[in-house]
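> Sequence first, then the predicted structure, then my questions.
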Amino acid sequence: MANTHGASESAAPAINVLAQYAKDLSFENPNAPRSLAPRQTSPNIEIKVNVNARKVGETDFEVELAIEGQAKDGDSLLFRVDLSYGGVFRVVNIPEEQLHPVVMIECPRLLFPFARQIVAEAVRNGGFPPLMIDPVDFAALYRARAEEALAQQATGAPN
């Protein structure tokens, strides 16, 4: 009796993490030790997240998660943190029309918890409470970028 499951299992869609790494990490505390003094109000915290990807092999992609964060007390900068966190992923048996969304949504979703931890520890090591970034909806980020690209094409603006 032939094993029919083996053929279908080998064609199953898969995402494998081949490597992940911090490409660049920067933490600035320009007003220390004044910035570490107790304050009466909560600081204004801004976080920006961006995703970029490039093909590095037939089925391999490097995905880069960029996180920029800063905290201000009024006009005074308390801290700034920038992280570029990358991963190399092998993506197989994904239909071509679904490949871009998979790489830009699922791969950063796998990287995010590790990048979040690095940011939290960098801020804590800078003398502040850890910055715990809320989970990111990478599907919504992907849709927003797609809509932005369509709008730029419609107006003829460069990407």
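Arrived safely.

> alpha carbons only for contacts and neighbour counts from here, please
Fine.

> can you pull out the strands in this protein?
14-28, 44-55, 60-73, 76-92 (DSSP state E).

> Show me what the residue nearest to the spatial centre of the chain is bridged to.
Most central in the chain under CA atoms, centre = their mean is residue 65, positioned 3.0 Å from the mean C-alpha point. Under DSSP bridges, the beta-bridge partners of residue 65 are residue 51, residue 85.

> dump the residue contacts of it.
Neighbour list for residue 65: 49, 50, 51, 52, 83, 84, 85, 86, 108, 111, 112, 115 [criterion: CA atoms under 8 Å, 6 or more residues apart in numbering].

> at 10 Å instead, please
The neighbourhood of residue 65, defined by CA atoms under 10 Å, 6 or more residues apart in numbering, consists of 22-23, 49-53, 83-87, 104, 107-109, 111-112, 115.

> quick one on the thing from earlier: and residue 142, which of the strands of the chain is closest to it?
strand 44-55 (8.7 Å; CA to CA).

> and that closest one, which residues are buried?
51, 53 (16 or more other CA atoms under 10 Å).

> Run through the neighbouring helices and strands of it.
Counting contacts by 3 or more CA pairs under 10 Å, 6 or more residues apart in numbering; DSSP states H and E, strand 44-55 is packed against strand 60-73, strand 76-92, helix 107-125, helix 138-155.

> circling back: if any of the contacts of residue 65 are buried, put those into a PyMOL selection.
A single PyMOL command is used to select the members of the contacts of residue 65 judged buried by 16+ other CA under 10 Å:
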select buried, resi 51+53+83+84+85+86+87+104+107+108+109+111+112+115
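
> Can you pull the poorly scored residue ranges out of this protein?
For the chain, the stretches flagged by pLDDT under 70 are 1-10, 157-159.

> if we go to 50?
Along the chain, the model assigns pLDDT under 50 to residues 1-8.

> Now the strands of the chain in TSV, please, with extra columns for distance to residue 128.
Below are those laid out as TSV (distance: least, CA to CA, whole Å):
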stretch	distance to residue 128
strand 14-28	12
strand 44-55	12
strand 60-73	10
strand 76-92	9
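
> hang on, the earlier thing: quick check: the gap between the residue nearest to the centre of the chain and residue 137.
Residue 65 sits 13 Å away from residue 137, taking CA to CA, to the nearest Å as the criterion.

> intersection of neighbour lists for these two?
Common neighbours of residue 65 and residue 137 (CA under 10 Å, 6+ apart) are residue 109.
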